[in-house]
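A predicted structure for the sequence below; I have some questions about it.
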Amino acid sequence: MILHSSFLRLLCFLGLCAWLSIHSANSPSAGNSEGANAKPIAYFTDIAQKAGLTTPVIFGGENTKKYIIETTGTGVAMFDYDNDGWPDIFVVNGTTLEQLPSAKAPTSHLYHNNHDGTFTDVTAKAGLTHAGWGQGVCVGDYDNDGFEDLYVTYYGKNVLYHNNGNSTFTDVGEKAHVAGTGKAWGTGCAFLDYDRDGKLDLMVANYVDYDSATALAPGERPSCMWKGVPVMCGPRGLPWAKNILYRNLGNGAFEDVTAKAHIDQTNGHYAFSVSTFDYDDDGWPDIYVACDSTASILYRNNHDGTFTDVAVVSGAAFNDDGREQAGMGSTVADYDGDGKLDLFKTNFSDDTSTLYRNNGDGTFDDKTFSAGFGLNTQYLGWGVMFLDFDNDGWPDLLLVNGHVYPEVDSQHLGSNFREPRILYRNNGNGTFTDISAAAGPGITAVSSSRGLAVGDLWNDGRISAVVSNMNALPSLLVNDVRNGNHWIAFRTIGVKSNRDGIGAKVTVKAARSLVDEVRSGSSFVSNNDKRVHFGLGASAKIDGVQVRWPSGLLEEFGNLSADAIHTLKEGSGTPVVAGPGKN
């Protein structure tokens, strides 16, 4: 059942959202073949404590949030820090308003993958013991030495951890000129090679210009009220902050090119997540930034070291009503199988998340309601990722939620501070079905969640998820349902391009073409397993793989088996002559 978006809004206004949800899920066109007594197609359980993720994420007060600094939470990352072929887990930690003794100050945590379903906390051994108001994390091999480095944002100075290649890290943020002034509030970040010179550059989003010494108390201004209840102040009414772009100089240091690249020409935004993708398919990476309470930003790469914010003219700044939203997390995938990369963004409660379909001509259309995302307006969304949990070849969606105001519970304001996750199944026809209720306790359990990262932690084609939960243990969500669908995944190694191959476009030729890119960052201030994963459905073989590298080289790789992770090295495939306009 596919209805016009205006009619969907009318149904919700009339209180018929529940009716619509039930009938959409049972519609023959929804692709929902499960009967009432059939086995679920997904059943996620949280094995974090059993697996060894036993340190809670500390972030502000548990029962009250006096200031906005206590509300944003932290990100998580999946990355293989020791090059053993198995993704490890890094969880950013925060702190509290009360100054804790240094010995008791929370630190971020690195968990080593033991290859047996468990993890070992190696934080101290790895030298990752920095404390403070941690926020986001992104991963990239900025010096092309073959070992993944970490960048962690803070309210305060940011940290660049250089991977020493011996399972330890060294903070080189100051030396590399990417620590910042110490006065900024860094949030999302992503490594990308925006000038295609083979060296990874760094994009850092900043939230608000915040000073704890002058922060306003709840209810002190009209902007510090929500539904008539005094709450923490912001972001509206607080000074906005500028985003920062650092260019990699290739000598271990970076140059702040924010002004030179025209990143600073977009003003008045409260920036959160950063998702990089080549939305116009011109071979140059563009940058999407989800912003709280303001229009989103889409920095188009002009190929000359500068960017232009085209979010408004492209249709990616506002929702279908022309209204700015409180954007939190973002994710990218080709959800409808047309070969073009689309966008999804989470937003505040009493609003919908937003699905932007890429039209292929530099513009996007808001397909939120027609795709089936118009119902769960009570949740405040943060981390979000496209992931093919059942390997049927169609990217599904996982959203994690949690409110910023603890008062929603005590004052009965229509939401809950701790909220369940949402799992949407892609029906393969441009629509999605909410299957959360039957998707297991890992989905239905309530938390005040923020960061989310997904990846193949077990190297067996099953996509799992790690979630940062405020003042609670992180979650490690594993899908216990197995099926006979096939899959394939790729690790890219650049030669002329950056060694990670970040920005490479990978196209799998199977029953239909499957497309994605290698990227850093995304979700809500988090970093996913950078290996590109595709479900193949019933297909046990593929016809070939094509990679467009950041250097411009286009080549094909053949004789690749399904149900395996392959390493693709730049220059080792068969060169292909690019079509007109592609470079």
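Received, thanks. Numbers count the residues shown, from 1 in each chain.

which residue ranges form the helices in the stretch 451-583 of the chain?
With DSSP state H, counting those that start in this stretch as the criterion, the stretch 451-583 of the chain has no helices.

Over to the chain?
5-13, 17-26, 48-51, 123-126, 311-314, 368-371, 407-410, 441-444 (DSSP state H).

gap between the nearest residue to residue 131 once chain neighbours are set aside and residue 193?
Leaving aside its sequence neighbours, residue 131 sits nearest to residue 105 (Cβ to Cβ, 6 or more residues apart in numbering; 3.9 Å). To be clear about C-beta, it is placed using only N, CA and C from the backbone, and glycine gets the same treatment. Distance, residue 105 to residue 193, using Cβ to Cβ, to the nearest Å: 36 Å.

more neighbours, the two?
residue 193 (24 against 16; other Cβ atoms under 10 Å).

OK, contacts around that one?
The contact partners of residue 193, by Cβ atoms under 8 Å, 6 or more residues apart in numbering, come to 199, 200, 201, 285, 497, 498, 502, 503, 550.

Lowest mean pLDDT across the helices of the chain, which one is that?
Note on those: helix 17-26 shows the lowest mean pLDDT, a mean of 40.

For residue 540, see how far away the closest residue to residue 360 other than its chain neighbours is.
Of all residues not flanking residue 360 in the chain, residue 340 sits nearest, at 4.9 Å (Cβ to Cβ, 6+ apart). From residue 340 over to residue 540 the distance is 27 Å, taken as Cβ to Cβ.

just residue 401 next, same as before
Distance from residue 401 to residue 540, by Cβ to Cβ: 37 Å.

Looking at these two, which one has more neighbours?
A direct count of neighbours by other Cβ under 10 Å for residue 401 and residue 540 places residue 401 higher, at 27 against 12.

Tell me what that one is bridged to.
Beta-bridge partners recorded for residue 401 (DSSP bridges): residue 381.

residues contacting it?
Residue 401 makes contact with 379, 380, 381, 382, 419, 420, 421, 422, 449, according to Cβ under 8 Å, 6+ apart.

In the residues you listed, which residue is surrounded by the most others?
residue 382 (31 neighbours).

so it touches residue 73, yeah?
Yes - the criterion here is Cβ atoms under 8 Å, and residue 382 meets it with residue 73 at 7.1 Å.

anything in contact with each of the two?
With Cβ under 8 Å, 6+ apart as the test, residue 382 and residue 73 both reach 402, 449, 450, 451.

Return the member of those nearest to residue 139.
residue 451 (13.3 Å; Cβ to Cβ).

Please report how far that closest one lies from residue 346.
Taking Cβ to Cβ, one finds residue 451 at 12 Å from residue 346.

Check residue 193 too.
Taking Cβ to Cβ, one finds residue 193 at 27 Å from residue 346.

okay, residue 331: pLDDT?
98.

tell me the contacts of it?
275, 343, 344, 384, 385, 386, 397, 522, 523.

Show me what it is bridged to.
residue 344.

just use 28 as the starting number from now, easier for me
Done: numbering now begins at 28, and the last item shifts to residue 358.

Sitting in strands, which of the contacts of residue 220 do you find?
residue 228 (DSSP state E).

List the contacts of residue 431.
Per Cβ under 8 Å, 6+ apart, neighbours of residue 431: 92, 98, 259, 407.

Most widely separated two among these?
Longest span within these, Cβ to Cβ: 259 and 407, 13.9 Å.

coming back round to it: of the contacts of residue 431, which is the nearest to residue 65?
residue 407 (32.0 Å).

what residues are up against that closest one?
Neighbours of residue 407 in contact, by Cβ under 8 Å, 6+ apart: 355, 375, 376, 428, 429, 430, 431, 442, 446.

Reformat those as TSV; add distance to residue 461.
Shown next, in TSV, are the contacts of residue 407 (distance: Cβ to Cβ, whole Å):
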residue	distance to residue 461
355	19
375	19
376	17
428	13
429	18
430	19
431	23
442	17
446	14
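
any idea which helix or strand of this protein has the worst average confidence?
One helix or strand of the chain scores below all others by mean pLDDT, DSSP states H and E: helix 44-53, with a mean of 40.

ok, back up a step: next, format the shared contacts of residue 409 and residue 100 as JSON lines and append distance to residue 519.
Listed next are the shared contacts of residue 409 and residue 100 as JSON lines, based on distance: Cβ to Cβ, whole Å:
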{"residue": "429", "distance to residue 519": "34"}
{"residue": "476", "distance to residue 519": "30"}
{"residue": "477", "distance to residue 519": "29"}
{"residue": "478", "distance to residue 519": "24"}
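
What about those, which are in strands?
Going by DSSP E, the strands hold 476, 477, 478 from the shared contacts of residue 409 and residue 100.

Any figure for the gap between the last one and residue 304?
In this structure, residue 478 and residue 304 are separated by 20 Å, where distance is defined by Cβ to Cβ.

Compare those two (neighbour count), which wins?
residue 478 (32 against 26).

wait, isn't that one in contact with residue 550?
Yes - if you go by Cβ under 8 Å, residue 478 and residue 550 touch, sitting 6.8 Å apart.

Touching both of those two, which residues are there?
Joint contacts of residue 478 and residue 550 (Cβ under 8 Å, 6+ apart) are 102, 410.

Now do residue 551, the pLDDT please.
98.

give me every residue that touches it.
Here residue 551 is in contact with 102, 163, 215, 299-300, 355-356, 373, 409-411, 427, 477-479 (Cβ under 8 Å, 6+ apart).

ok, 6 Å please
With contact taken as Cβ atoms under 6 Å, 6 or more residues apart in numbering, residue 551 is in contact with 300, 355, 356, 409, 410, 478.

go on, residue 319?
Residues near residue 319 by Cβ under 6 Å, 6+ apart: 262, 297, 299, 353.

Show me those residues that map onto strands.
residue 299.

was I right about residue 83 contacting residue 500?
Yes - at 5.3 Å, residue 83 counts as touching residue 500 under the criterion of Cβ atoms under 6 Å.

what's the burial count for the residue lying closest to residue 330 once chain neighbours are set aside?
Distances taken as Cβ to Cβ, 6+ apart place residue 311 nearest to residue 330, at 5.5 Å, with adjacent residues excluded. Neighbours of residue 311 under the rule other Cβ under 10 Å: 21.

Okay, now the unreliable bits of the stretch 478-610 of the chain?
Confidence mapping of the stretch 478-610 of the chain against pLDDT under 70 gives the ranges 605-610.

buried set for stretch 376-392?
Neighbour-count burial for stretch 376-392, counted by 16 or more other Cβ atoms under 10 Å, picks out 376, 378, 379, 380, 381, 382, 383, 384, 385, 390, 391.

what's the answer for stretch 175-193, then?
Quick answer for stretch 175-193 (16+ other Cβ under 10 Å): 175-190.

Show me the strands in the stretch 178-327 of the chain, by range?
186-190, 196-198, 213-219, 228-233, 252-253, 256-257, 271-275, 281-283, 298-304, 313-318, 324-328 (DSSP state E, counting those that start in this stretch).

residues in contact with stretch 586-594?
Residues contacting stretch 586-594 (Cβ under 6 Å, 6+ apart): 513, 515, 516, 517, 518, 563, 567, 568, 572.

Would you mind confirming that the fourth one makes contact with residue 596?
No - the pair formed by residue 517 and residue 596 falls short of the contact definition of Cβ under 6 Å, at 10.8 Å.

Which one's more surrounded, those two?
The neighbour comparison of residue 517 against residue 596 (other Cβ under 10 Å) goes to residue 517, with 24 against 14.

Look up the closest residue to that one, ignoring the ones flanking it.
residue 559 (4.9 Å).

Can you mark which positions in stretch 194-202 are buried?
So stretch 194-202, judged by 16+ other Cβ under 10 Å, has buried residues 194, 196, 198, 199, 200.

wait, I meant stretch 326-346
326-328, 333-334, 336-338, 341-346.

Let's have the residues you listed in a markdown table, adding distance to residue 420.
Output for the buried residues of stretch 326-346, formatted as a markdown table (distance: Cβ to Cβ, whole Å):
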| residue | distance to residue 420 |
| --- | --- |
| 326 | 31 |
| 327 | 30 |
| 328 | 29 |
| 333 | 38 |
| 334 | 33 |
| 336 | 34 |
| 337 | 31 |
| 338 | 30 |
| 341 | 28 |
| 342 | 27 |
| 343 | 26 |
| 344 | 31 |
| 345 | 32 |
| 346 | 29 |
